[in-house]
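1. please find the sequence and the predicted model below.
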Amino acid sequence: MKMLFLFIDGVGIRHAAADNPVNSEVCPTLCRLIEKHSKPIDACLGVEGLPQSATGQATMFTGVNCAKAMGKHCEGFPGPSLRSIIEANNLFLQLKKRGRKVKFADAYLVDSAEDLEVRRYKSVTTVMALTTPETITTADDLMEDRALMQDLTRETIQDRYPDIRVIPPQRAAEHLFAIVRENDFTLYEFFLTDVAGHSLDYARSCAVLKTYDRFLSALVRYVEAAGITLVITSDHGNIENMSERTHTFNPVPLIAFGPRAKPIFDRVNSLEDVTPAILAAIDSM
Ligand SMILES: [Zn+2]
């Protein structure tokens with residue numbers, strides 16, 4: 001039994017509104033999954049203030065309430081104390097301990113994990129992946145379609161890598177599905193939703209969501225046919241309210257779909273529950 005985890009940054013649950021681009025005309029597949037296979041979960045973590053990426057993601061990938069541990073919501077890249085929580089224990093390390101084959105499908109444009117280690121600013125997922133370097137995919141993997149770009153289509157790297165061709169999002173779904181089939185657990189992170197959410201540019205947010213939805217639509221067909229469990233969640237709201245530049249207090253969707261969806265669905269009520277629920281589901285596979 002295999003599992004795919006799609007982490008999509010900055011997508012909260014909110015009622016339909018003229019400034020909410022998460023609607024069925026823009027992203028029909030995502031909306032259908034939210035409507036039929038999701039529940040709203042808490043991203044505020046019992047700590048005052050707007051939820052932020054570093055603590056939200058660290059909580060999602062460790063099962064530790066990192067906002068409480070830090071005493072506040074922390075933005076952007078995790079600092080030393082948050083990094084040490086992630087390095088001590090995380091989803092990838094736990095899966096490795098269980099002998100599961102794990103891949104982080106977002107390619108790093110480096111030659112090796114060592115090149116990544118020396119980067120000054122590392123995201124939560126980078127810190128986690130570096131604890132299990134065999135999960136990391138690099139420029140070589142991308143060239144051979146064994147990894148995805150964080151933008152799906154590779155458009156954002158055309159200036160630096162003119163030899164890497166632009167692909168449609170449906171092709172990125174094919175590439176990801178091939179990775180999923182070779183691993184027990186695959187993670188793919190997409191953060192352009194959060195970037196667009198901060199922009200106050202409604203058209204830009206629609207474009208990003210449409211691209212992601214084309215990818216998701218193809219991917220859902222593949223994983224459904226193959227009996228793969230799909231989990232999708234976010235670290236905080238943002239794009240669902242384009243009238244505000246900041247994140248939101250809205251809950252985020254926990255989408256669980258496929259053979260092991262129910263126990264995950266039943267167990268998760270906040271970001272803190274995501275890693276324990278995934279591990280319990282994998283243990284029962
Ligand atoms: Zn975020």
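-> Cool, got the structure.
2. in contact with residue 248, which residues?
-> Contact analysis of residue 248 by CB atoms under 8 Å, 6 or more residues apart in numbering lists 12, 14, 50, 236-238, 240-241. The way it works is simple: take the backbone N, C-alpha and C, and place the C-beta from them, glycine included.
3. between those residues, which is nearest the ion?
-> Proximity of the contacts of residue 248 to the ion (CB to the ion) peaks at residue 236, which lies at 5.5 Å.
4. please name the nearest non-neighbouring residue to that closest one.
-> residue 51 (3.8 Å; CB to CB, 6 or more residues apart in numbering).
5. need the pLDDT of that neighbour.
-> Listed pLDDT for residue 51 reads 98.
6. repeat for the one 5 residues further on
-> In the predicted model, residue 56 carries a pLDDT score of 98.
7. do the same with residue 182
-> With respect to pLDDT, residue 182 scores 98.
8. and if you look at residue 236?
-> Per-residue pLDDT puts residue 236 at 98.
9. distance of the closest residue to residue 158 other than its chain neighbours from residue 154?
-> Using CB to CB, 6+ apart and skipping residues adjacent in sequence, the residue nearest residue 158 is residue 166, 6.6 Å away. Residue 166 sits at a distance of 5 Å from residue 154 (criterion: CB to CB, to the nearest Å).
10. between those two, which one's more packed in?
-> Comparing residue 166 with residue 154 by other CB atoms under 10 Å, the one with more neighbours is residue 154, at 19 against 13.
11. ok, now which ones touch the more buried one?
-> By CB under 8 Å, 6+ apart, the residues touching residue 154 are 142, 161, 164-167.
12. change it to 10 Å
-> By CB atoms under 10 Å, 6 or more residues apart in numbering, the residues touching residue 154 are 107, 142, 148, 161, 164-167, 171-172.
13. can you pull the phi/psi pair for it?
-> The phi and psi values for residue 154, taken as degrees, to the nearest 10, are phi 80, psi 10.
14. and the pLDDT for it?
-> Note on residue 154: pLDDT of 97.
15. residue 157 too?
-> Value for residue 157, per-residue pLDDT: 93.
16. for it, grab the count of nearby residues.
-> Counted with other CB under 10 Å, the neighbours of residue 157 add up to 18.
17. what do you get for the one 3 residues further on?
-> Here the count is done by other CB under 10 Å, and residue 160 has 8 residues near it.
18. my guess is it contacts residue 149, does it?
-> No: taking contacts as CB atoms under 10 Å, residue 160 lies outside contact range of residue 149: 11.4 Å.
19. gap between residue 101 and the ion?
-> 27 Å (CB to the ion, to the nearest Å).
20. spit out the contact partners of that residue.
-> Residues in contact with residue 101 (CB under 10 Å, 6+ apart) are 2, 95, 134-135, 182-186.
21. which members of those are positioned in strands?
-> If you go by DSSP state E, the contacts of residue 101 have 185-186 in strands.
22. TSV for the contacts of residue 101, including neighbour count?
-> Formatted as TSV, those follow (neighbours: other CB atoms under 10 Å):
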residue	neighbour count
2	23
95	22
134	12
135	24
182	11
183	19
184	17
185	25
186	23
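23. farthest pair within the contacts of residue 101?
-> Of all pairs drawn from the contacts of residue 101, the greatest distance, 17.0 Å, lies between 2 and 134 (CB to CB).
24. who's in contact with the strand or helix carrying residue 82?
-> Taking DSSP states H and E as the criterion, residue 82 maps to helix 80-88. Residues from elsewhere that reach helix 80-88 (CB under 10 Å, 6+ apart): 54-55, 57-59, 61-62, 64, 66-67, 69-70, 74, 77-78, 92-93, 122, 124-128, 130-131.
25. any of the residues you listed buried? List them.
-> By neighbour count, with 16 or more other CB atoms under 10 Å, the contacts of helix 80-88 hold 54-55, 57-59, 61-62, 64, 66-67, 69-70, 74, 77-78, 92-93, 122, 124-128, 130 as buried.
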